[in-house]
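[1] Pasting the sequence and the predicted coordinates here, then a few questions.
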Amino acid sequence: MSLATLTNSGRAGMAQALAAMPLHFAWGSGETAWDTDPDGQHLKESLVSEMALVNELGRRAVTAVGYVLEDPDGEITIPVGRQPDGTVVTARFRAVLEPTPFLYLRVNFDFADASNQVVREVGIFLNTVVKEGLPPGQKYFTPDQLADPGRLLAVQRMDPSIARSPAVRQTFDFVLAI
């Protein structure tokens, strides 16, 4: 017996199910050794077995969830790699209303979130549970404020890393191909 083929319709259904779940976007400082990795080995390692970020700094509930399709003229641009000369390679998408196999996530961190830290990796978590007794309306959570971190859905190491500044409100657009 062979494995069944997951259809685009099925992938869109999975994206729709994920979009209905509590999603948090987390960032971590990773390992400082990654900064001096001349061959980028840390970027080539398989991350499929990872269950957490390396040195998580904090997380925030995803600000916007939607669906996109690839479109060379689309208004959503995300980085997908780097050329040997350092040039960033991007992909473009356009927002659509109907579920697709491409789940779009946006998160807007605040100025003070992980200020003066270095971000070397990011991840998306499902079903994060925060501890009871936190201030009402709190949106940013550090690891010690989590009762259950949830499940790591996707992880990406940053190239280059991001030096956080309290003068910058960091925003991430993320497209997850299901």
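    Alright, I've got the coordinates.
[2] Can you show me the helices along this protein?
    Remark: helices assigned in the chain by DSSP state H are 8-19, 41-44.
[3] Pull out the buried positions in the first one.
    Meaning helix 8-19. For helix 8-19, burial by neighbour count (16 or more other Cβ atoms under 10 Å) applies to 11, 12, 15, 18, 19. Where you see a C-beta, it was placed from the backbone N, CA and C, and this is true even at glycine.
[4] What residues does the first one make contact with?
    Taking Cβ atoms under 8 Å, 6 or more residues apart in numbering as the definition of contact, the neighbours of residue 11 are 101, 178.
[5] remind me which residues of the chain are low pLDDT?
    The model of the chain has no residue with pLDDT under 70.
[6] What angle do helix 8-19 and the longest strand along it make with each other?
    For the chain, the strand that runs over the most residues, judged by DSSP state E, is strand 151-163. Calculated by axes from the mean of the first three to the mean of the last three Cα atoms, to 10 degrees, strand 151-163 forms an angle of 80 degrees with helix 8-19.
[7] quick one: contacts of strand 151-163?
    18, 23, 30, 34-35, 40, 42-43, 47, 50-53, 82, 118-127, 170, 174, 176.
[8] Make TSV out of the buried residues of helix 8-19 and add distance to residue 138.
    Formatted as TSV, the buried residues of helix 8-19 follow (distance: Cβ to Cβ, whole Å):
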residue	distance to residue 138
11	34
12	33
15	28
18	24
19	23
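[9] Determine which two of the residues you listed are furthest apart.
    11 and 19 (12.6 Å; Cβ to Cβ).
[10] Kindly check the end-to-end length of stretch 21-36 for me.
    37 Å (Cα to Cα, to the nearest Å).
[11] ok, and what's touching that stretch?
    Taking Cβ under 8 Å, 6+ apart as the rule, stretch 21-36 contacts 42, 53-62, 65, 105, 107, 109, 114, 117-128, 141, 150, 153, 157-158, 161, 172, 174.
[12] Of these, keep whichever come out buried.
    Looks like these have 42, 53-60, 62, 105, 107, 109, 114, 117-125, 128, 141, 150, 153, 157-158, 161, 172, 174 buried, using 16+ other Cβ under 10 Å.
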